[in-house]
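Colleague: Build me a structure from this.
(chains A and B)
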Amino acid sequence: MDTVSIWELWGGVAVRFWPVWLAMLITYLLMRMYRKRLGVFGHLLDSAVGITGLMIVLFWLFTALFADIVSTFEPLEQFFRYRKKPPGIVEAESMIPMYFGSDNLGRDLFSRMVHGSRFVLMIAPAATLVAFVVGITLGLPAGYKGGRVDAILSFIANLILSFPVIVLFYLLVTPGIRETALPNVMAGVFFMFPIIFSLTVLRSRFSERPGLLFPWSVIILILGGWLYSGVVFNSDPLGLISMDPNELNIFAAVVFASSPGVFRIVRGLTMDIKTRDYVAAAQTRGETPWYIMLWEILPNARGPLIVDACLRIGYTTILLGTLGFFGLGLAPESPDWGSMINQTRGLIRLVPTIVLPQTIALASFVLGLNLLADGLREESLKD
Amino acid sequence: MSHFILQRTFIMVLTMLVLSFVVFYLGNLEPNLRKLALEQNNNRMSQADVDSWLEKNGYRRSFIVRYGEWTAGVLSGDFGYSTRFRMPVNEALPKRLGYTGILAFWVLMTMVPSALLIGILSGMREGSALDRFLSLFSVTTTATPEYVSGILFTVIFASLLGWFKGVANVKDITFENFTLPVMTMSIYGMGYIARMTRASMSEVMTSQYIRTAHLKGLPFKTVVLKHALRNALIAPFTVILLQFPWLLTGVVIVEKLFNYKGFGWTLVEAAENNDVDMLLACSLVSVLVVIGTQLISDVGYAYLNPRIRVES
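Modeller: Numbers count the residues shown, from 1 in each chain, chains lettered A, B, ... in the order given. Here you go, the predicted structure:
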């Protein structure tokens, strides 16, 4: 069996990523051109840390987008003659090298790593977004009104936070649980929040203008209801939106685990911001509480929230990896980084390089998000 | 203050009650009970056998009655029977907790001093080359979860260099097999504490009294060691204590990774085999650790920092 030299190996890998490099370059140039209009994201270009983080995150984002072009083999394709091979072995039939070697079933690690980015980039940002909507919808009134609402919600949040994450996942993400209605109930509750949130936003803004309020509410209800039926009940009338029960289960568990943290941050920020003069001015004008919370307090809390969102996507990535590491919730052949780590870690003695692609991919993505968060924090403090 | 501690203890008991109820409920869902029956007997059991086994062992009685029995047992100090280890929880768990105690002790002994040192060194001259380097190091360690760093360390130090062993043994702890688990855990936790220490340190370094000390002509070393440190270390104190819950998750991953049979390993075994009594006991221990450290950190913070007073 032939192997390629180390130069051919890395050169080949670099060439395979050409759509990613191109997309990154275009994004960078566009950011340069429109930097004035991008606000704090434009300032990122001045910070070495921030731009490094952004580029790493973009790298994985575009890799996930162009995974089919970048990867050399199908992620599930098995070559029995090429099991547990070191990096650079050439597959004789197609004459394509297995750049990072192959795993115990003879699957190409490079292609699996590339495809693994899809799972993470599909679940982690979306779950974080839903967790943010849940945390904001509950955290704003808790911080603004205080009293009994705050006491009850805070107790629940602290309850979930004192629950060891691993136990939570072992209980919530198992095949047994999927036989019950629990994941669907949880997802049903969580996905209700984006709809409630959008409706509240509209109502607080357009309460004086029913001519705008009603059409927009109807649009949101139809659109939200459509997504809701597809994602939660897997019964989209148009058949466009669907979610695998495994993934829905994981999604609900991840949202459940991370929304209390968002709740605490939003609550703290609200308690701080509600003492400002512009809030007092809005109260004197006679604005409704929800208008003040959503249109006065929330926009002024966006800085810390954006930074937290970056860190939280990273943390969710780590959580997803943990799930894979414990073999929870995902199909065994799934090419996500956590499961790949779990499958290959027993083979370190035979082929030390076998674990490297997936571990480094995961760590680099989280590192990118952390650096991006640092850069954003630095730049937003300057203003 | 006593009112505050009382209130916190009440919340802790309430949390444990709700939590145990949830774990009990989820562990006793029909699919989980079936799994338990199959695991306890043999995997080819028929549905009728499963039902009769569950009936015979009392799993078919009312859920509330059984939860009540378990609670009464715990209050009298009996944590039930572990189906996975086939012995009472009271016998199986303390030993495992002891093993994890040893691991946690060495993790703290290495993590805390090095994290504080990194934080102080990078915080005392903000923006210097040393600060940049150490900050990058801290970010990298926080971004690398245990199951990544542990594996990478095993590849480097066990497979390539052969210095340490990739498997730890509770019965025979040596420098060779214990270094990698301790290193993996402390490096992940280190970054966060170091960053908090740095933030606290750099804030103290810009305060008026430090400038006064500089202007008095004191050497930089004296300013840092005698004046700055004392105030800069208050915030990290709470951070270190709040790191305990994090340590708990880390213990589970690291013990599984290095096959160190302590508390975390027990928890995974209990969860995988639906050993409800053991899982409940593990959850209670976790809550005790999480809320207990929160309480200590709040009380300790109020004690260390005279500007903070707990409202009574």
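
Colleague: residues near the residue of the stretch 51-200 of chain B found nearest chain A, how many?
Modeller: With C-beta to the nearest C-beta, the shortest gap between the stretch 51-200 of chain B and chain A falls at B:Ala143, namely 3.9 Å. For the C-beta atoms, the positions are set from N, CA and C on the backbone; glycine is no exception. Residues near B:Ala143, counting by other C-beta atoms under 10 Å in any protein chain shown, number 26.

Colleague: Roughly how far does it sit from A:Cys310?
Modeller: As judged by C-beta to C-beta, to the nearest Å, B:Ala143 and A:Cys310 stand 11 Å apart.

Colleague: Contacts only, for the residue of the stretch 51-200 of chain B closest to chain A.
Modeller: A:314, A:363, A:366-367, A:369-370, B:191 (C-beta atoms under 8 Å, 6 or more residues apart in numbering or on different chains).

Colleague: rerun that using 10 Å as the cut-off
Modeller: Shown in contact with B:Ala143 (C-beta atoms under 10 Å, 6 or more residues apart in numbering or on different chains): A:311, A:314-315, A:317-318, A:362-371, B:149, B:188, B:191.

Colleague: Could I get the buried residue list for the helix or strand encompassing A:Leu202?
Modeller: A:Leu202 belongs to helix A:182-206 when assigned by DSSP states H and E. For helix A:182-206, burial by neighbour count (16 or more other C-beta atoms under 10 Å in any protein chain shown) applies to A:182-184, A:186-187, A:190-191, A:193-195, A:197-206.

Colleague: Stretch A:158-178 now?
Modeller: For stretch A:158-178, a neighbour-count test (16+ other C-beta under 10 Å) marks A:158-174, A:176-178 as buried.

Colleague: Against chain B - does that stretch have any residue that ends up touching it?
Modeller: Yes. Counting by C-beta under 10 Å from any C-beta of the partner chain, chain B is contacted by stretch A:158-178 at A:158-172, A:174-178.

Colleague: What mean pLDDT does that stretch get?
Modeller: For stretch A:158-178, mean pLDDT rounds to 81.

Colleague: which residues in chain A form strands?
Modeller: Along chain A, counting by DSSP state E, strands occupy A:89-91, A:96-98.

Colleague: Can you tell me how far the residue in the stretch 1-150 of chain A positioned nearest to chain B is from A:Ala363?
Modeller: Relative to chain B, the nearest point of the stretch 1-150 of chain A is A:Val49 (8.2 Å; C-beta to the nearest C-beta). Going from A:Val49 to A:Ala363 by C-beta to C-beta gives 17 Å.

Colleague: could you pull out the helices for the stretch 1-150 of chain B?
Modeller: Assigned by DSSP state H, counting those that start in this stretch, the stretch 1-150 of chain B shows helices spanning B:2-27, B:30-40, B:47-56, B:63-75, B:89-124, B:129-143, B:146-153.

Colleague: Please work out which of these is packed deepest.
Modeller: Highest mean neighbour count among the helices of the stretch 1-150 of chain B (mean count of other C-beta atoms under 10 Å in any protein chain shown): helix B:146-153, with a mean of 24.

Colleague: So what's the residue count around residue 261?
Modeller: No chain was given, so I picked chain A. As a burial measure, A:Gly261 scores 18 neighbours (other C-beta under 10 Å).

Colleague: nope, chain B please
Modeller: B:Lys261: 18 neighbours (other C-beta under 10 Å).
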